[in-house]
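J.: Prediction below, plus the sequence it came from.
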Amino acid sequence: MNYDSDLEKRILNRLAERENDPEQDDHAFAMTWEAAPEAFGMPHGSDADVSASWEALFTQLEEMQRRRLVSGTVYMNRIADLKLEYRGYAVLRANLEQVFREDHERLLAGYEKLRRDNDALRADQNTAMTEIRNEITALRDAAMAPSVQAPAWGKMMLPAIVLPVLVTVATIAVVHFSGMTPH
């Protein structure tokens, strides 16, 4: 059998859970060969599954004992006094550190993507605001320009009517595109 690092992680995690369980008086792990595969998340549906899982578990536990990750007694038909050793805790810690590094890198990548998206959104908003300002300026300039066809009273009234409307439109546009709410 090849050494199964995933099974090693499951065994170490299960033993750590057991040791941290306040309801357990004795933190050593002991069970029969029939119950052990289920306890470590291995196939256990049929007798053949249980037998194959026990053989793999037995081999894995012997190797883990040899590497001093766990201590205890592994018999041909049962496990007695199985506990984590210092090196087992070190492997668990290294596994957790790897998970934290991967999460950290994933979160940093997400942050960078959000920052780029936010910068693009701000650039789009600035472009839209510039276009609105240009339109308002063009309308104001057109309203202020003397009209050839308008009568004398119209020349005076048009800027007086259009200018407040333009200011109102500009204010609404600035509030809308900047995300501010009027108080």
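T.: Yes, it's here.

J.: okay, CA-based contacts and neighbour counts for the rest of this
T.: Noted.

J.: just the strands in this structure please.
T.: Ranges of strands in the chain, per DSSP state E, are 29-32, 70-74, 78-84.

J.: out of the ones you listed, which comes closest to N20?
T.: N20 lies closest to strand 78-84 among the strands of the chain, at 11.5 Å (C-alpha to C-alpha).

J.: in the closest one, what counts as buried?
T.: 78-79, 81-84 (16 or more other C-alpha atoms under 10 Å).

J.: could these go into CSV alongside distance to L166 and pLDDT?
T.: Putting these into CSV (distance: C-alpha to C-alpha, whole Å; pLDDT from 0 to 100) gives the following:
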residue, distance to L166, pLDDT
R78, 87, 87
I79, 84, 88
D81, 84, 86
L82, 81, 87
K83, 79, 88
L84, 76, 89
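
J.: From I11, how far out is E17?
T.: From E17 over to I11 the distance is 10 Å, taken as C-alpha to C-alpha, to the nearest Å.

J.: of these two, who's got more company?
T.: I11 (22 against 12; other C-alpha atoms under 10 Å).

J.: any idea how far that one is from A128?
T.: 59 Å.

J.: Rounded mean pLDDT for the lengthiest helix in the chain, please.
T.: Across the chain, the helix with the greatest residue count (assigned by DSSP state H) is helix 86-144. In this model, helix 86-144 has a mean pLDDT of 92.

J.: Tell me which residues touch the spatially most central residue of the chain, please.
T.: The chain has L107 as the residue nearest its centroid, 6.0 Å off, counting by C-alpha atoms, centre = their mean. With contact set as C-alpha atoms under 8 Å, 6 or more residues apart in numbering, L107 has no partners.

J.: quick one: it and Q60, what's the gap?
T.: Distance from L107 to Q60, by C-alpha to C-alpha: 35 Å.

J.: Same check on T171?
T.: With C-alpha to C-alpha as the criterion, T171 and Q60 are 72 Å apart.

J.: And these two? Which one has more around it.
T.: Q60 (20 against 12).

J.: nearest residue to that one other than its sequence neighbours?
T.: Y3 (6.7 Å; C-alpha to C-alpha, 6 or more residues apart in numbering).

J.: pretty sure that neighbour contacts E62?
T.: No. Y3 is beyond contact range of E62, at 10.7 Å (criterion: C-alpha atoms under 8 Å).

J.: Now do the domain split for the chain, please.
T.: Residue ranges for the domains of the chain, per automatic domain parsing: 5-84, 92-178.

J.: which of these sits most buried?
T.: Ranked by average neighbour count under the criterion mean count of other C-alpha atoms under 10 Å, those are headed by domain 5-84 at a mean of 17.

J.: Can you give the distance from it to the centre of its chain?
T.: 32 Å (C-alpha atoms, centre = their mean, to the nearest Å).

J.: Stretch 80-90 now?
T.: On C-alpha atoms, centre = their mean, the centre of stretch 80-90 falls 31 Å from that of its chain.
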